[in-house]
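Novice: show me how the following folds:
(one chain, ligands or ions: 2)
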Amino acid sequence: MAQQRKQAKEQRKALVKKYDKDKTGQLEREELKKLLIEDSKMEVSDQDVEYYFIRFDRSQSGGITPEEIESLLASFHAYVQTKPQAEEFMAKYDVSKDGFLSKEELKQLMTDLNDGKPVADTEVEGVMQSADMLKHEKLEKPDLMHAIAFWDSQIDDRKSVGCCVCM
Ligand SMILES: [Ca+2]
Ligand SMILES: [Ca+2]
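Specialist: Ligands and ions are numbered 1, 2, ... in the order given. Next up is the predicted model:
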């Protein structure tokens, strides 16, 4: 086990080193962008890079270190799986076209997922809080998968409560 951990650590170091063109020991935005594009073989927008940068530069050193890269990539890989859907939702519900879902815009998305039935503001608030990873009261594309997963589970809970009441 210790051996495996050591190996994984070496791999993370090697990965950061590969993209660390200016030899600062960490990945700044442009370096991170190149890594994410080559890793996913997809186009990665500056906004997405900024999102991962802010979210995972936990030491606030202005760069992603080998210690930070692992959880960043885990989250990024999950996002890549749902990216086409996230883009579809963003295109449809981001009415203000600023690249974020505001609370009002999120509410419309939740209402549609709820078969058009009205959704309470407190529920919108709950989904916003659980999915707003950058804690700035708006959702970005990578946040959408968390919002939808959370809301799906809430809808399912309510359905099963409804079923018990009927019985
Ligand atoms: Ca660097
Ligand atoms: Ca918006």
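
Novice: ok, so what distance separates whatever residue of the chain ends up closest to ligand 2 from residue 110?
Specialist: Closest residue of the chain to ligand 2, Cβ to the ion: residue 96 (3.8 Å). Every C-beta, even on glycine, is put in place using the N, C-alpha and C of the backbone. Residue 96 sits 17 Å away from residue 110, taking Cβ to Cβ, to the nearest Å as the criterion.

Novice: out of the two, which sits in the more crowded spot?
Specialist: Using other Cβ atoms under 10 Å, the more surrounded residue of residue 96 and residue 110 is residue 110, with 23 against 10.

Novice: show me the contacts for that one.
Specialist: Contacts for residue 110 (Cβ atoms under 8 Å, 6 or more residues apart in numbering) come out as 119, 123, 124, 127, 151.

Novice: right, and out of these, which lies closest to ligand 1?
Specialist: Ranked by distance to ligand 1 (Cβ to the ion), those are led by residue 127 at 36.1 Å.

Novice: give me the residues contacting stretch 128-144.
Specialist: For stretch 128-144, the surrounding residues in contact (Cβ under 8 Å, 6+ apart) are 47-48, 51-52, 54-55, 75-76, 79, 82-83, 85-87, 89-90, 99-103, 106, 146-147, 150.

Novice: out of the residues you listed, which are close to ligand 2?
Specialist: Near ligand 2, judged by Cβ under 5 Å from the ion, the entries from these are 100, 102.

Novice: mind checking which of the contacts of stretch 128-144 are in helices?
Specialist: Among the contacts of stretch 128-144, DSSP state H puts 47-48, 51-52, 54-55, 75-76, 79, 82-83, 85-87, 89-90, 103, 106, 146-147, 150 in helices.
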